[in-house]
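**Q** Next come a sequence and a model predicted from it.
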Amino acid sequence: MPGDGQGGTVGKAITLLDLFDEARLSISAAEAARATGMPRATAYRLLEQMVAAGLLTKRGVEGGRGARYAPGLRLLELGRLAARSLDPDGIIRAAMERLRDRCGESVQFVVASGDSAIYAHVVPPRAPMHLYVAWGRRAPLYAGASTRLLLAWQPEEVVRRILASPLVAYTPHTPTDPRDLLARLVEIRRTGYAVSFGELVEHTAEMAAPVVDGQGVIGSLSLAGFEERYRDPATAAGLKDELLAAAEDLSRRLGYRGPWPYVDPMAGRHSVGHSPSPRVGQEGGSHASGAASGSP
């Protein structure tokens with residue numbers, strides 16, 4: 001599809017793809033035109049071209065009065081390739097499987113994507129009854145241990161933008177006070193890990209630690225499960241030790257050479273989003289960490 005940037009054909013096609021989310025799994029040409037301001041004929045033509053490319057599927061509606069478009073299997077294939085590109089040698093996946101076997105919990109590797117985060121890899125526990133965490137799911141950066149840990153290490157402009165944006169309460173436990181959220185981000189940088197309870201889904205818990213390479217935090221490694229286990233002090237301490245050890249081992253394999261836990265020794269003395277300079281504790285990298293509260 002030829003085009004000339006965001007206003008060209010490719011840009012318009014991307015705009016149409018961005019309409020799909022958990023709340024809107026399919027769309028008609030008329031709905032797409034209204035949502036984007038495109039002429040209906042343009043929206044229809046682009047939707048049909050993406051159907052031909054396998055990026056979308058087309059389904060008729062009852063009575064034949066129109067058609068609806070939904071994400072196609074080619075997008076699923078590309079999504080899996082994107083996940084593989086984050087871990088081409090399988091190092092991250094292997095570390096997650098080892099942690100799953102030691103803790104018996106769901107293990108996630110989460111990466112920042114714009115003003116949100118994506119569960120790039122998920123390894124479910126072997127137990128028949130367990131918390132389900134969806135691979136490829138997008139989550140807000142401010143709610144949940146794994147995502148808020150990432151927010152603590154985002155550039156200052158990203159942190160400020162999130163703090164200034166509406167903080168939606170997904171449960172009664174979601175942090176929605178910017179001052180409270182900022183304090184949690186500082187604590188993340190100070191302690192090197194994060195714990196949260198029921199911030200996205202009630203009665204669940206999540207515990208996260210940073211994954212670091214030679215340049216800084218590239219993602220968060222997290223455990224997720226039902227809240228009761230994480231409320232028990234002895235169990236929580238054991239899970240924390242296993243998680244931090246796994247995150248350190250993975251970070252070393254990815255090239256991190258600094259001290260552990262990965263923390264900011266100046267946390268609270270400068271604004272969140274600031275990277276210590278000169279970078280502490282590694283050659284060419286930064287010394288950092290995370291601790292917060294949120295749930296899958």
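**A** On my side now, so go ahead.

**Q** so where do the helices sit in the stretch 151-296 of the chain?
**A** 156-164, 178-191, 227-231, 233-253 (DSSP state H, counting those that start in this stretch).

**Q** Any chance of JSON lines for those helices, columns distance to residue 217?
**A** Backbone N, C-alpha and C define where each C-beta goes, glycine included. As requested, the helices of the stretch 151-296 of the chain are exported to JSON lines (distance: least, C-beta to C-beta, whole Å):
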{"stretch": "helix 156-164", "distance to residue 217": "13"}
{"stretch": "helix 178-191", "distance to residue 217": "10"}
{"stretch": "helix 227-231", "distance to residue 217": "23"}
{"stretch": "helix 233-253", "distance to residue 217": "9"}
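
**Q** Mind checking the ones you listed for the one nearest to residue 110?
**A** Each of the helices of the stretch 151-296 of the chain was scored for nearness to residue 110 using C-beta to C-beta, and the closest is helix 233-253 (12.1 Å).

**Q** before we move on, back to that, do you know which of the helices of the stretch 151-296 of the chain lies nearest residue 143?
**A** Nearest to residue 143, of these and by C-beta to C-beta, is helix 178-191 at 9.2 Å.

**Q** tell me the mean pLDDT for the closest one?
**A** For helix 178-191, mean pLDDT rounds to 96.

**Q** and that helix, which residues are buried?
**A** Neighbour-count burial for helix 178-191, counted by 16 or more other C-beta atoms under 10 Å, picks out 181, 182, 184, 185, 186, 187, 188, 189, 190, 191.

**Q** how much does it deviate in direction from helix 156-164?
**A** Angle of helix 178-191 versus helix 156-164, following axes from the mean of the first three to the mean of the last three C-alpha atoms, to 10 degrees, is 140 degrees.

**Q** sorry, back to before: closest one to residue 75 among the helices of the stretch 151-296 of the chain?
**A** Closest among those, once you apply C-beta to C-beta, is helix 156-164, at 26.3 Å.

**Q** all strands for the protein, in order.
**A** Assigned strands in the chain, in chain order: 56-60, 67-71, 106-113, 116-123, 138-140, 194-197, 204-212, 217-226 (criterion: DSSP state E).

**Q** Identify, out of these, the most deeply packed stretch.
**A** Burial of the strands of the chain is given as mean neighbour count (mean count of other C-beta atoms under 10 Å); strand 204-212 ranks first at a mean of 30.

**Q** Partner strands of that strand, with direction?
**A** Its sheet considered, strand 204-212 pairs with strand 194-197 (antiparallel), strand 217-226 (antiparallel) by DSSP bridges.

**Q** Would you tell me which of the ones you listed gets closest to residue 97?
**A** Checking these against residue 97 by C-beta to C-beta gives strand 217-226 as the closest, at 12.1 Å.

**Q** Show me where the stretch 101-250 of the chain dips below the pLDDT cut-off.
**A** For the stretch 101-250 of the chain, no stretch has pLDDT under 70.

**Q** for the helices of the stretch 151-296 of the chain, which one ends up most surrounded?
**A** helix 178-191 comes out most buried of the helices of the stretch 151-296 of the chain by mean count of other C-beta under 10 Å, with a mean of 20.

**Q** what helices or strands is that helix leaning on?
**A** helix 145-152, helix 156-164 (3 or more C-beta pairs under 8 Å, 6 or more residues apart in numbering; DSSP states H and E).

**Q** how about the strands paired with strand 204-212 in a markdown table, adding distance to residue 82?
**A** Shown next, in a markdown table, are these (distance: least, C-beta to C-beta, whole Å):
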| stretch | distance to residue 82 |
| --- | --- |
| strand 194-197 | 25 |
| strand 217-226 | 13 |
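
**Q** To residue 27, which of those strands lies closest?
**A** Comparing those by their distance to residue 27 (C-beta to C-beta), the top pick is strand 217-226, with 31.2 Å.

**Q** Can you read off the pLDDT for the closest residue to residue 35 other than its chain neighbours?
**A** Computed as C-beta to C-beta, 6 or more residues apart in numbering, the closest residue to residue 35 that is not its neighbour in sequence is residue 19, at 5.6 Å. Listed pLDDT for residue 19 reads 90.

**Q** Contact partners for residue 19?
**A** Contacts for residue 19 (C-beta atoms under 8 Å, 6 or more residues apart in numbering) come out as 27, 32, 35, 36.

**Q** Tell me which of the strands paired with strand 204-212 lies nearest to residue 41.
**A** Comparing the strands paired with strand 204-212 by C-beta to C-beta, strand 217-226 comes nearest, at 42.4 Å.
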